[in-house]
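Engineer: What follows is a predicted protein model with its sequence.
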Amino acid sequence: MECLARIINCQKLANSQLWKYQFLDIENNQKNHFYHHKQIDYDTNLAGKLSISSNRFLQSFKKEIGEVIERTHQTEILTELEGKARNNVDRVFNRLGKRKIELSSQKLHELHTQFRTWKKVSIFCERSEPTIYRWIKADKKEPQKRGRKPKFNSQVLDLLLDYNQINNTATQQERANYISQQIGQRISQQTISLLLKKVGITRKKLTYHYTQLDEEKAKEFNEETKPLLAKYPFLALDECSFYFNSDPRFGYSLKGERAINKKPSSQGEHYTLLLAVSSQKGVIHWELVKNKVDWKVFYNFLEGINLNSDEKHYLLLDNARIHYALKKRQREGLPSIKEQLLKKNIEALFITPYAPMLNPTELCFNLLRQQTEKQRPRNYEEMKRAIEKAIELLNQKDLSEYFKHCVEYFDKNDAKIELKDYH
């Protein structure tokens, strides 16, 4: 709130460090009040520009404005001689000429009435005359930006969003060519770039889904899993390949130069990491084996899972053949995977085929690969130590968020894109 006001009186509030001030709004001839944390100097006969916040605390009180107006009014009353009045105003300039102030259009016209010229008003305010002229324009408008207006409209937006659903790998120039052909008007690549920023569409790494994925079945699987995840502890299990000569894939260098490093020419020996994680306890069991994993290795890996709890658990795993191997287990006189897990009070939940994004272990492998590559392992012992360090880091994270992310993978609502201020 801003107004031309005269402070009437003040009093200190009991049991407080605040002062309460009463003032008279000269423009509306109404009394009001504000607060301040200390006592301020004021003159009950002197008006000034008062600014207070919405909660009635003082922001500023420019007394010099009131002094100028009051003294120039006094000179008019004391004498009718124009020369004496101008001399009095000049003395005011000498005393207050260095004070920078900003006035409303109404106050500027009052000063112009006293000073006669806009030049003297500009000297008093320490602003140029063009600035004073801008101040006095009540219908002042924001200056328009230079250049041609972007060709944004609802038709262009709809075409862009529809095309992005069909082909999200198209370049900006390809999008511009497509829209230009549809509307019969040339749209530049720069216009498409600006429009993409406004609607929040960015270029990012692609996430691929298998063409064989039945998304409806995957959604149904998640809906059936949600109430169980909220009630029971969950486990997840999977396998991942590692190579001795894996090195970091990203590095830093000066702009315009390649980031060059050295690595062996071959991938090195192939090893497979079997990993089992818990939503409550982190990594509960892991094993690094040479070459591929067969059903027998997987059977022994399950035998090594010890939960030390009578509470029922659910285990998420994919439909790999080594996880079933029913006939091979029967020939060896071994129980099926469901029977084997039931002995440990674990129930298996087989994830929808071709849906690795629903397995929390895949998220763990991303971190393990990244951390292992940094260690540059060159043999089995180095690989094992690198994975041990990575698992220590993984156990510091809340893996329940990984499980929640996977079970809510398809819950994200369709993005509501709105084009703002395209006119």
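Structural biologist: Arrived safely, thanks for sending.
Engineer: my read is residue 180 is in a helix, agree?
Structural biologist: Yes: using DSSP: H, G, I helix; E, B strand; the rest coil, the secondary structure at residue 180 is a helix.
Engineer: From the structure, what's the count of residues near it?
Structural biologist: 18 (other CB atoms under 10 Å). Heads up, the C-betas are built off the backbone N, CA and C, glycines and all.
Engineer: Next, the contact list for it, please.
Structural biologist: 186-187 (CB atoms under 8 Å, 6 or more residues apart in numbering).
Engineer: Check the spacing between it and residue 313 real quick.
Structural biologist: Distance, residue 180 to residue 313, using CB to CB, to the nearest Å: 58 Å.
Engineer: can you check residue 354 too?
Structural biologist: 25 Å.
Engineer: Please say which of the two ends up with more neighbours.
Structural biologist: Neighbour count, other CB under 10 Å: between residue 354 and residue 313, residue 313 has more, with 20 against 17.
Engineer: That one reaches residue 232, doesn't it?
Structural biologist: Yes: look at residue 313 against residue 232 with CB atoms under 8 Å: they come within range, at 6.7 Å.
Engineer: Now do the strands in the stretch 51-200 of the chain.
Structural biologist: Secondary structure of the stretch 51-200 of the chain (DSSP state E, counting those that start in this stretch): strands at 58-62.
Engineer: Next one, pLDDT for residue 102 please.
Structural biologist: pLDDT recorded at residue 102 is 56.
Engineer: Kindly report the same for residue 9.
Structural biologist: pLDDT at residue 9 comes out at 84.
Engineer: Quick check, central residue of this protein?
Structural biologist: Centroid-nearest residue in the chain, with CA atoms, centre = their mean: residue 200, separated by 11.8 Å.
Engineer: what's near enough to touch the closest residue to residue 313 other than its chain neighbours?
Structural biologist: In space, and not counting its chain neighbours, residue 313 is closest to residue 346: 4.8 Å by CB to CB, 6 or more residues apart in numbering. The contact partners of residue 346, by CB under 8 Å, 6+ apart, come to 235, 305, 307, 312-315.
Engineer: and the gap between residue 346 and residue 233?
Structural biologist: 10 Å.
Engineer: what do these two both touch?
Structural biologist: In contact with both residue 346 and residue 233: 313-314, using CB under 8 Å, 6+ apart.
Engineer: Ramachandran angles for the residue nearest to residue 313?
Structural biologist: Here is the backbone geometry of residue 346 (degrees, to the nearest 10): phi -120, psi 130.
Engineer: ok, now how distant is it from residue 310?
Structural biologist: Taken as CB to CB, the span from residue 346 to residue 310 is 12 Å.
Engineer: Show me what the host helix or strand of residue 220 is packed up against.
Structural biologist: Per DSSP states H and E: residue 220 is located in helix 215-231. When contacts are defined as 3 or more CB pairs under 8 Å, 6 or more residues apart in numbering; DSSP states H and E, helix 215-231 sits against strand 313-317, helix 400-407.
Engineer: wait, which of those is closest to residue 109?
Structural biologist: Across the helices and strands packed on helix 215-231, residue 109 has its closest neighbour in helix 400-407 (64.3 Å, CB to CB).
Engineer: Just want the angle from the closest one to strand 313-317.
Structural biologist: 60 degrees (axes from the mean of the first three to the mean of the last three CA atoms, to 10 degrees).
Engineer: what does helix 400-407 rub up against?
Structural biologist: With CB under 8 Å, 6+ apart, helix 400-407 has contacts from 222, 225-226, 229, 234, 236, 277, 279-280, 316, 357-360, 363-364.
Engineer: then the one helix or strand residue 383 maps to to PDB, C-alphas only?
Structural biologist: Using DSSP H and E, residue 383 falls within helix 380-394. Extracted C-alpha coordinates of helix 380-394, given in PDB (Å, rounded to 0.1, in the frame of the first residue of the first chain):
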ATOM      1  CA  TYR A 380      38.300 -62.100 -11.100                       C
ATOM      2  CA  GLU A 381      39.600 -60.900  -7.800                       C
ATOM      3  CA  GLU A 382      39.500 -57.200  -8.900                       C
ATOM      4  CA  MET A 383      36.000 -57.700 -10.300                       C
ATOM      5  CA  LYS A 384      34.800 -59.200  -7.100                       C
ATOM      6  CA  ARG A 385      36.300 -56.400  -4.900                       C
ATOM      7  CA  ALA A 386      34.700 -53.800  -7.300                       C
ATOM      8  CA  ILE A 387      31.300 -55.400  -6.900                       C
ATOM      9  CA  GLU A 388      31.600 -55.600  -3.100                       C
ATOM     10  CA  LYS A 389      32.300 -51.900  -3.000                       C
ATOM     11  CA  ALA A 390      29.400 -51.200  -5.300                       C
ATOM     12  CA  ILE A 391      27.100 -53.300  -3.100                       C
ATOM     13  CA  GLU A 392      28.200 -51.400   0.000                       C
ATOM     14  CA  LEU A 393      27.100 -48.200  -1.800                       C
ATOM     15  CA  LEU A 394      23.800 -49.800  -2.900                       C
END
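Engineer: that older thread, output the helices and strands packed on helix 215-231 in a markdown table, with distance to residue 386 and mean pLDDT appended to each entry.
Structural biologist: What follows is these, written out as a markdown table (distance: least, CB to CB, whole Å; pLDDT from 0 to 100):
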| stretch | distance to residue 386 | mean pLDDT |
| --- | --- | --- |
| strand 313-317 | 25 | 94 |
| helix 400-407 | 21 | 93 |
